[in-house]
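A.B. asks: Kindly return the folded structure for what I paste below:
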Amino acid sequence: FCDKVGPRIAFNINGALFFNLRYFDQIFAQQLQPYLQKPNKQNPIISTIVNFYFMVICHELAHNMYRNHDLSFTQCLEQLAVGFMVQKETFLRDFSFQNYQTKNDEQSF
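C.D. replies: Have a look, this model is predicted:
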């Protein structure tokens, strides 16, 4: 979704997650452009974006269990973040747009 004026980064309804494209564009898009021009070049923006949205996803998933930001919500958020931290780090280590594009090209129908 693209909320042009509201403060929402993300929300979920009935377990479906929605992310505000305006927020991404406003905060990350300009910083991402140099990496997209030269994807082989090391750039910390990918880690920044993945780490940020990893926590946003964990936050929204925790809301599937607990509506309020109380202790139960915080514990659930912590369990989700810690529980998937290794997979996130593996993804970051292996990620490149070129690898993703190559894998998708091989899977084309």
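
A.B. asks: and the residue nearest to residue 22 when sequence neighbours are not counted, what does it touch?
C.D. replies: With C-beta to C-beta, 6 or more residues apart in numbering as the criterion, residue 22 has its nearest non-adjacent residue at 5.0 Å, and that residue is residue 2. Quick note: C-beta positions are derived from backbone N, CA and C, even for glycine. Listed by C-beta atoms under 8 Å, 6 or more residues apart in numbering, the contact set of residue 2 reads 20, 21, 22.

A.B. asks: what ranges do the strands span in this structure?
C.D. replies: For the chain, applying DSSP state E gives strands covering 10-13, 16-19.

A.B. asks: Paired strands for the first one, with orientation please.
C.D. replies: Think strand 10-13. The sheet places strand 10-13 alongside strand 16-19 (antiparallel), with pairing taken from DSSP bridges.

A.B. asks: Just the buried residues of the partner strand, please?
C.D. replies: residue 19 (16 or more other C-beta atoms under 10 Å).

A.B. asks: can you check stretch 3-11 too?
C.D. replies: Neighbour-count burial for stretch 3-11 flags 9, 10 (criterion: 16+ other C-beta under 10 Å).

A.B. asks: So for stretch 24-40, mean pLDDT?
C.D. replies: Averaged across stretch 24-40, the pLDDT comes to 89.

A.B. asks: ok, now stretch 77-84?
C.D. replies: Per-residue pLDDT values over stretch 77-84 give a mean of 98.

A.B. asks: Check what pLDDT the residue nearest to residue 22 gets.
C.D. replies: 94.

A.B. asks: And the residue lying closest to residue 39 once chain neighbours are set aside, how far from residue 61?
C.D. replies: Residue nearest to residue 39 in three dimensions, not counting chain neighbours: residue 97, with 4.8 Å by C-beta to C-beta, 6+ apart. Here residue 97 is placed at a distance of 26 Å from residue 61 (C-beta to C-beta, to the nearest Å).
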